[in-house]
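Participant: Provided below are the primary sequence and the corresponding predicted coordinates.
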Amino acid sequence: MESPFTYILITLFFSSILLSIIFFMTWQTMGKQKYALMFSLSFLASTVLWANSLFKSLFLSHELYWMIGCSVSMLSVVLGTWGHCLRTNTKIHPATLLGIGVFGMMLTYYFTYISPHLGLRMSLYLYVDVLLLMITSVVIIKHRTKSRPAEIGASLMHFIFAMCILVAASIALSQGKEMDVELIKLYAIVNFTALPAAYVGMSVFVIYMLASDLAEEMKLLAMTDPLTDCFNRRGFYSHAKQKLLELQKQPQHACLIYWDIDKFKAINDQFGHAGGDQVLISITQLIKQHIKKDDLIGRMGGEEFVILIERSNYQEAINVAERLRAMINQTPIVYCGQQISVTASFGVVELSNQDIPIEQAIDLADSALYQAKSSGRNKVVFSELSSR
Ligand SMILES: Nc1nc2c(ncn2[C@@H]2O[C@H](COP(=O)(O)OP(=O)(O)OP(=O)(O)O)[C@@H](O)[C@H]2O)c(=O)[nH]1
């Protein structure tokens, strides 16, 4: 009958192979994101680590077995950390991570072959693993101001995994230079109970995190207009409602601007549908350059757009519409070597301190836009308070 530790190693071996395959498939299906490949390679390295432990008796030299085990353990953690840095665009150079890993291995080599010290040999590379896992935990949680549940879970699991390794490393270190049978038993218990549980938990949360990335990407696609890259109607309504709720707590002034390109049908007729599309793309790009990053722009359909802006005073907010109108009027769009002159009409409604739903505000701004159109186009019309 084999020791229970052997069965745990076999389970870990197969779990790692499966995780490596899952992340490899994720890499293939999720647009070849480099971080998914890093995670796959990281679990492949773990597979080698567990296989190394399973076939320990085949090694002629225990030191060689130990050095291979430490190296793949370190490689696995370095690749995982590197993957998380790539996913979050964290500016830690891969050479720094590799350098930390190589430094840990050099110390292990020194205390294995040059100046043998069992405690240091068994613990130093684990302390380096702890450092890298803690970096990963911070990198995941610092990625965005409001982390998603999957990210909080993944960060926490990396922290717990790091703590389990820290305990194992400290037990190993307290042996000192020579082996202490009682401490080795304790080390084995931590190594084969808490560590596998934390390892599996951490891996599951990383999968959950990538699934939540995908869900977020899908949600964004469902809310984005593919031609102009602005929000579509659904995306605009959803974000505008959220923004108006936030705005109620701040002393900011908000305006809703409904605008529409003038005589767009004539542009399509003269320059073709592709020319019309280019006008839509160029004009929205131009507008985005002249509004703030936090302002919301959405395409309501055809050549109709809406912008929700907030400024510290109302006059500043309403000036934006006039500035945008003048800018469109003065900037011809270049299409296939030809210049297309474009104008647009604007309807503006003030939202601050007016407890009106976004749908009603859009209707009011649309009425103001209609007035701008019927009174000659290339104009900004403000919705009168009395008209509400
Ligand atoms: N190229 C292009 N044309 C579009 C798109 N969506 C809608 N259109 C066209 O936009 C034109 C809108 O025409 P109208 O609603 O008559 O408005 P207009 O010609 O701009 O006239 P006014 O708004 O009154 O100034 C139609 O010819 C639609 O076919 C699109 O995605 N691309």
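Facilitator: All right, it came through fine.
Participant: ok, Asp294 - how many residues close by?
Facilitator: Neighbour count for Asp294, taken as other CB atoms under 10 Å: 9. Every C-beta, even on glycine, is put in place using the N, C-alpha and C of the backbone.
Participant: is the nearest residue to it once chain neighbours are set aside in a bridge, and if so with what?
Facilitator: Leaving aside its chain neighbours, Asp294 sits nearest to Glu310 (7.2 Å; criterion: CB to CB, 6 or more residues apart in numbering). Beta-bridge pairing for Glu310 (DSSP bridges): Ala254.
Participant: enumerate every residue touching Glu310.
Facilitator: Lys243, Leu247, Gln250, Gln252, His253, Ala254, Cys255, Asp294, Asp295, Ala317 (CB atoms under 8 Å, 6 or more residues apart in numbering).
Participant: so how far is the helix or strand where the last one lies from its chain's centroid?
Facilitator: Translated: Ala317. If you go by DSSP states H and E, Ala317 is part of helix 314-330. The chain centre lies 34 Å from the centre of helix 314-330; the measure is CA atoms, centre = their mean, to the nearest Å.
Participant: likewise for stretch 237-257?
Facilitator: 25 Å.
Participant: burial count for the residue nearest to Tyr237 when sequence neighbours are not counted?
Facilitator: In space, and not counting its chain neighbours, Tyr237 is closest to Ile358: 6.3 Å by CB to CB, 6+ apart. Ile358 has 19 neighbours, counted by other CB under 10 Å.
Participant: distance check, Ile358 against Val48.
Facilitator: 56 Å (CB to CB, to the nearest Å).
Participant: now the helix or strand hosting His273: buried residues?
Facilitator: If you go by DSSP H and E, His273 is part of helix 264-289. For helix 264-289, burial by neighbour count (16 or more other CB atoms under 10 Å) applies to 264, 267-268, 271, 275-276, 278-280, 282-284, 287-288.
Participant: out of those, which are close to the ligand?
Facilitator: Phe264, Asn268, Gly276, Leu280 (CB under 6 Å from any ligand atom).
Participant: dihedrals phi and psi, the residue lying closest to Leu210 once chain neighbours are set aside?
Facilitator: Excluding the flanking residues, the one nearest Leu210 by CB to CB, 6+ apart is Thr26, at 6.0 Å. Main-chain torsions, Thr26, degrees, to the nearest 10: phi -60, psi -40.
Participant: contacting residues for Thr26?
Facilitator: Counted by CB under 8 Å, 6+ apart, Thr26 has contacts Gln33, Ala36, Phe39, Ser40, Leu210.
Participant: name the nearest of these relative to Lys185.
Facilitator: Phe39 (33.5 Å; CB to CB).
Participant: give me the three-state assignment for that closest one.
Facilitator: Going by DSSP: H, G, I helix; E, B strand; the rest coil, the secondary structure assigned to Phe39 is helix.
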